[in-house]
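Trainee: coordinates only, sequence not included:
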């Protein structure tokens, strides 16, 4: 008889989830996802229900990893908030199920999972595609995703300078207070990205904020915002001049306004590069269009649940 599901709150997720253990598991999962001749990962494109009254969407992200015995789904609500709104832009819950019995084994706070796994995959894209010796990182946006990206990028790469931009001075000031390392506050996007080797866009923008004429040749861009087919962060010039990679080609062609509206071609998935079936064009300007995938949540949830079983009862 199935027992009651475990509930793992945000504080526990923060205690149990570490980038050092998460990143290699995500790399393995991305590779498995991109092996089209394999049934290792079964994952449909995110199903999205509009919440018109609240200017938001409910996304459902189920995943089954047959060989790993992992069945998981995430429910995530995301919104277009007005400037100055105190309501969260996203809220997420991840459920881990027993694939044989069908019962829910764990209900896990999804906000921390979403923030950390998204940033970790962006860092994997930089590991694969960024020019060696990169010194300058620019982050556009100052929300939770900006913070998780700052943490993992500065942990994995020896940047000499990190620049940050936000639409509001308060956002930049809050971000600068929340990080432990050095950061340079910028008053414009152009100031932040000129000469940067790596650029992370984690904004709520629905129209382009990053323009190709500001991006130096050979830079790597991890584009995380604009997860709807009519939302943009990057302009046509950048999308058409860069070599474009994604986590999921099908997801990008269905959900990414940056890809759909620019008419850009998705050259490869990150998993293709990991598997060695497509090259990493480090010498060229590259864009990684991140949509987020259920397999990333599934791997994260399993890691958290395994850690909880091993040491969850200890402080």
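Mentor: Yes, it's here. Please read these numbers as outputs of a predicted model, since none were measured by experiment.
Trainee: Name the residue closest to the centre of this structure, please.
Mentor: Central residue of the chain (C-alpha atoms, centre = their mean): residue 118, 2.4 Å from the mean position.
Trainee: which phi and psi does it have?
Mentor: Here is the backbone geometry of residue 118 (degrees, to the nearest 10): phi -70, psi -50.
Trainee: Quick check: it touching residue 290?
Mentor: Yes - counting by C-beta atoms under 8 Å, residue 290 is a contact partner of residue 118 at 6.4 Å. Backbone N, C-alpha and C define where each C-beta goes, glycine included.
Trainee: Count residues in the vicinity of residue 291, would you?
Mentor: Counted with other C-beta atoms under 10 Å, the neighbours of residue 291 add up to 21.
Trainee: go on, residue 7?
Mentor: Per other C-beta under 10 Å, the neighbour tally for residue 7 reads 10.
Trainee: Next, give phi and psi for the nearest residue to it once chain neighbours are set aside.
Mentor: Excluding the flanking residues, the one nearest residue 7 by C-beta to C-beta, 6 or more residues apart in numbering is residue 107, at 5.1 Å. Per-residue torsions, residue 107: phi -120, psi 120 (degrees, to the nearest 10).
Trainee: Now do the contacts for residue 107.
Mentor: 5, 6, 7, 8, 93, 94, 95 (C-beta atoms under 8 Å, 6 or more residues apart in numbering).
Trainee: quick one: which of those residues is most hemmed in?
Mentor: The member of the contacts of residue 107 surrounded by the most neighbours (other C-beta under 10 Å) is residue 94, with 29 neighbours in all.
Trainee: pLDDT at it, what is it?
Mentor: Here, the pLDDT recorded for residue 94 equals 98.
Trainee: so it sits in a helix?
Mentor: No - with DSSP: H, G, I helix; E, B strand; the rest coil as the criterion, residue 94 is strand rather than part of a helix.
Trainee: Might one say that it is in contact with residue 299?
Mentor: No - counting by C-beta under 8 Å, residue 94 does not reach residue 299; the two are 10.9 Å apart.
Trainee: Model confidence for residue 87, exactly?
Mentor: Taking residue 87 on its own, its pLDDT is 87.
Trainee: helix or strand for it, which one?
Mentor: Using DSSP states H and E, residue 87 falls within no helix or strand.
Trainee: tell me the contacts of it?
Mentor: Applying C-beta under 8 Å, 6+ apart, we find residue 87 in contact with 79, 81.
Trainee: same thing but at 10 Å, please
Mentor: Neighbouring residues of residue 87 by C-beta atoms under 10 Å, 6 or more residues apart in numbering: 54, 56, 79, 81.
Trainee: on that earlier part again, so what's the residue nearest to residue 7 bridging to?
Mentor: Beta-bridge partners of residue 107, counted by DSSP bridges, are residue 7, residue 95.
Trainee: roughly how far apart are it and residue 5?
Mentor: Going from residue 107 to residue 5 by C-beta to C-beta, to the nearest Å gives 5 Å.
Trainee: what is in contact with the two at once?
Mentor: Both residue 107 and residue 5 are contacted by 95, 96, under the criterion C-beta under 10 Å, 6+ apart.
Trainee: that older thread, find residues that contact each of residue 94 and residue 299.
Mentor: Here residue 94 and residue 299 have 72, 113, 117 as joint contacts, going by C-beta under 10 Å, 6+ apart.
Trainee: out of the residues you listed, which are buried?
Mentor: 72, 113, 117 (16 or more other C-beta atoms under 10 Å).
Trainee: Now pLDDT and secondary structure too, for those, in CSV please.
Mentor: Output for those, formatted as CSV (pLDDT from 0 to 100; DSSP: H, G, I helix; E, B strand; the rest coil):
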residue, pLDDT, secondary structure
72, 97, strand
113, 97, helix
117, 97, helix
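Trainee: ok, which stretches of the stretch 151-300 of the chain are helices?
Mentor: Remark: helices assigned in the stretch 151-300 of the chain by DSSP state H, counting those that start in this stretch are 169-178, 189-193, 236-241, 249-255, 257-262, 270-275, 294-311.
Trainee: Next one: residue 37, what pLDDT does it get?
Mentor: On the pLDDT scale, residue 37 is placed at 66.
Trainee: rewinding a little: any chance of the helices of the stretch 151-300 of the chain in CSV, plus distance to residue 229 and mean neighbour count?
Mentor: Formatted as CSV, those follow (distance: least, C-beta to C-beta, whole Å; neighbours: other C-beta atoms under 10 Å):
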stretch, distance to residue 229, mean neighbour count
helix 169-178, 27, 14
helix 189-193, 23, 20
helix 236-241, 14, 18
helix 249-255, 6, 19
helix 257-262, 5, 21
helix 270-275, 21, 23
helix 294-311, 19, 22
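Trainee: Could you export these as JSON lines, including mean pLDDT and distance to residue 85?
Mentor: What follows is the helices of the stretch 151-300 of the chain, written out as JSON lines (pLDDT from 0 to 100; distance: least, C-beta to C-beta, whole Å):
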{"stretch": "helix 169-178", "mean pLDDT": "92", "distance to residue 85": "13"}
{"stretch": "helix 189-193", "mean pLDDT": "97", "distance to residue 85": "22"}
{"stretch": "helix 236-241", "mean pLDDT": "97", "distance to residue 85": "29"}
{"stretch": "helix 249-255", "mean pLDDT": "95", "distance to residue 85": "23"}
{"stretch": "helix 257-262", "mean pLDDT": "96", "distance to residue 85": "22"}
{"stretch": "helix 270-275", "mean pLDDT": "98", "distance to residue 85": "33"}
{"stretch": "helix 294-311", "mean pLDDT": "94", "distance to residue 85": "26"}
